[in-house]
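**Q** sequence first, then the predicted structure:
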Amino acid sequence: MSVGRYARVAYEVARKDLLVEARSKRTINASLVFALLIVVVFSFVFGEQVGSRDVLARGALWIAVVFGGVVGMSHAVTREGHNGALDGLLLAPVDRSAVYFGKVASSTVFVATVGLLSTGFVVVFLDYSFPIGTLPTLLVVVFLAAVGFSSVGVLVSMLMLHSGVQESLLPVLLIPLVVPILLAGTELTQPALSAPMTSAWFRILVTYDGLMLVAGWMTFEYVVEG
Amino acid sequence: MSIVSVAGLSKRFGAHVGVSDVSFRLAAGERAVVVGANGAGKTTLIRMLASLSRPTSGEIEIGSDPLAGGAADVRSRIGVLTHETMLYEDLTARENLHLHARLHGVDESVCEELLETVGLADRGGERVAGFSHGMGKRVALARALVHDPDVLLLDEPYTGLDRASLDRVEAVLEDLDRTVLAATHDLERGVRLADRILFMNDGRLVEDSSADRFPSVESALDRYERLCRGEATPHGADADDGSETESGTGAESAS
């Protein structure tokens, strides 16, 4: 099996996911509404009571990203289960980890979009402006968080696909697994943090991403085979 | 020469045995139909052959490649049609076929011919969400054929189809010059399609017979029911039970 063929299948899976989502907008709409509600509720409940706007903004942002991501992951996996569509992808004549990486890629785009738009919600509804100097760090951290979230999210959601209680079980299993992302995200987006890219939290986030991608690569075939 | 070889195949789901010690071979171009009641193990057998389910024990070879070691290569040689269409409803029929053509590394131009074959050339630009079950199944058949597989695995290909779709699917399958293994409840169409009939009951292959042994669908059904009740001895066993005379049997088993 050639590397080109493997990459082509991963690309086609990701492209298909993005095309289907661009057409239906079901997953992104559900996630964004959920993320927006979290930020708005934070605004109403804590707006006048939390002394530090910075703490409030970072908390709302990362909770919105994680919970919005879980909602999106749940919708995305439901789509794969419909009509047994996932089986069609699994019949492609390549190592099945290509399907995994394709789905991680499309999910990363989706979760990163939720993260960026949630940042906008925080700016608007919590009246908080991220310092200009922290924006490159914010973008990098949101991207790395999206990679980590997707690499574990795709694996867990596929595990849940035939469980019959996927919508209720997915958050219970996925949210504890992405706690390192939540912690790293909130720490790395502190405006006062100097040199965030060399901090221990940054290394933890990168290591988490790497470990989860390797775990997914090694186990995806066993997860999806009945 | 066998193109499909199954030896001692078993699948357990916890304490439940889905398929138990099934062995058979299919020659190139041969067509076999797997017959059995619900829960007999037909779908589990097809899914294992399609590499969608991992056997608990036993071996499968497609061509000369073992499925266990080279599943990716084997998948390029099999086409699979199950009772689910494996299609994305937000994509058009043509987009679905193009996706599967690209996944298999096949030129997309073959998709137009396949849409023509299944009678949907003029509907290829419509989303699958708007299709009837029968139309979806016809697109799924085109999907299964998109990479020109040597072996076609079918699980309930006729279920839920209206008359027009039934006739179209049956015509396409009859015209195919390749090895076919089909699991179906529709014994009448199954027998018309097949050279061989594999009777399954409780996960076991209880008989592997030539379709010529049965002059009518009723005789095949009768034979199956007697096998399930233990009133008939499987063909090829030392003793015979007399039912074969009744069924017009006597031909050599093709196994």
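**A** That came in fine, so what should we check first? What you are looking at is a predicted structure, and each value in this text was computed from that prediction instead of being measured.

**Q** what segments of the chain are helices?
**A** I went with chain A, as the question did not name one. With helices called from DSSP state H, chain A shows them at A:3-24, A:26-46, A:53-81, A:85-90, A:97-125, A:135-160, A:166-177, A:179-188, A:200-224.

**Q** oops, chain B please
**A** With DSSP H as the criterion, chain B has helices at B:42-49, B:71-75, B:93-103, B:110-117, B:133-145, B:163-175, B:187-193, B:217-228, B:243-246.

**Q** output the contacting helices and strands for the fourth one.
**A** Using 3 or more C-beta pairs under 8 Å, 6 or more residues apart in numbering or on different chains; DSSP states H and E as the contact test, the elements touching helix B:110-117 are helix B:93-103, helix B:133-145. All C-beta spots, glycine's among them, are computed from the backbone N, C-alpha and C.

**Q** would you reformat the helices of chain B as TSV and include mean pLDDT?
**A** Shown next, in TSV, are these (pLDDT from 0 to 100):
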stretch	mean pLDDT
helix B:42-49	94
helix B:71-75	86
helix B:93-103	96
helix B:110-117	93
helix B:133-145	93
helix B:163-175	85
helix B:187-193	81
helix B:217-228	80
helix B:243-246	39
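
**Q** I'd like those helices written out as TSV, with distance to A:His162 and mean neighbour count added.
**A** Output for those, formatted as TSV (distance: least, C-beta to C-beta, whole Å; neighbours: other C-beta atoms under 10 Å in any protein chain shown):
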stretch	distance to A:His162	mean neighbour count
helix B:42-49	12	25
helix B:71-75	20	21
helix B:93-103	22	24
helix B:110-117	30	18
helix B:133-145	20	24
helix B:163-175	27	16
helix B:187-193	28	19
helix B:217-228	29	18
helix B:243-246	40	15
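
**Q** what parts of chain A come near chain B?
**A** Contacts of chain A with chain B, taken as C-beta under 8 Å from any C-beta of the partner chain, map to A:1, A:5, A:8-9, A:12-13, A:16, A:19-20, A:23-24, A:79, A:82-85, A:87-95, A:222, A:225-226.

**Q** are any of those buried, and which?
**A** A:5, A:8-9, A:12-13, A:16, A:19-20, A:24, A:79, A:83-85, A:87-95 (16 or more other C-beta atoms under 10 Å in any protein chain shown).

**Q** give me the pLDDT value at residue 203.
**A** By default, I'm working from chain A. On pLDDT, A:Arg203 comes in at 95.

**Q** that answer is for a different chain, and I need it for chain B
**A** 91.

**Q** could you check the distance from it over to chain A?
**A** Distance of B:Gly203 to chain A, given as C-beta to the nearest C-beta, to the nearest Å: 15 Å.

**Q** interface residues of chain B facing chain A?
**A** B:47, B:50-54, B:72-76, B:78, B:80, B:82, B:84-91, B:95, B:99-100, B:102-105, B:136, B:143, B:147.

**Q** do that again at 6 Å, thanks
**A** Residues of chain B lying near chain A by C-beta under 6 Å from any C-beta of the partner chain: B:52-54, B:72, B:75-76, B:80, B:84-88, B:90, B:99, B:102-103.

**Q** quick check, nearest of those to B:Arg204?
**A** The closest of those to B:Arg204 turns out to be B:Ser53 (C-beta to C-beta; 17.5 Å).

**Q** for that closest one, grab the count of nearby residues.
**A** Neighbour count for B:Ser53, taken as other C-beta atoms under 10 Å in any protein chain shown: 19.

**Q** domain ranges for chain B?
**A** Using automatic domain parsing, the domains assigned to chain B come out as B:1-77+B:152-255, B:85-148.

**Q** which one of the helices of chain A lies closest to B:Ala27?
**A** With C-beta to C-beta as the measure, helix A:85-90 is the member of the helices of chain A nearest B:Ala27 (27.2 Å).

**Q** so which elements touch that closest one?
**A** Packed against helix A:85-90, as judged by 3 or more C-beta pairs under 6 Å, 6 or more residues apart in numbering or on different chains; DSSP states H and E, are no other helices or strands.

**Q** let's see 8 Å
**A** helix A:53-81.

**Q** columns distance to B:Cys111 on top of the helices of chain A, output as JSON lines?
**A** Output for the helices of chain A, formatted as JSON lines (distance: least, C-beta to C-beta, whole Å):
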{"stretch": "helix A:3-24", "distance to B:Cys111": "14"}
{"stretch": "helix A:26-46", "distance to B:Cys111": "26"}
{"stretch": "helix A:53-81", "distance to B:Cys111": "22"}
{"stretch": "helix A:85-90", "distance to B:Cys111": "14"}
{"stretch": "helix A:97-125", "distance to B:Cys111": "21"}
{"stretch": "helix A:135-160", "distance to B:Cys111": "28"}
{"stretch": "helix A:166-177", "distance to B:Cys111": "32"}
{"stretch": "helix A:179-188", "distance to B:Cys111": "41"}
{"stretch": "helix A:200-224", "distance to B:Cys111": "26"}
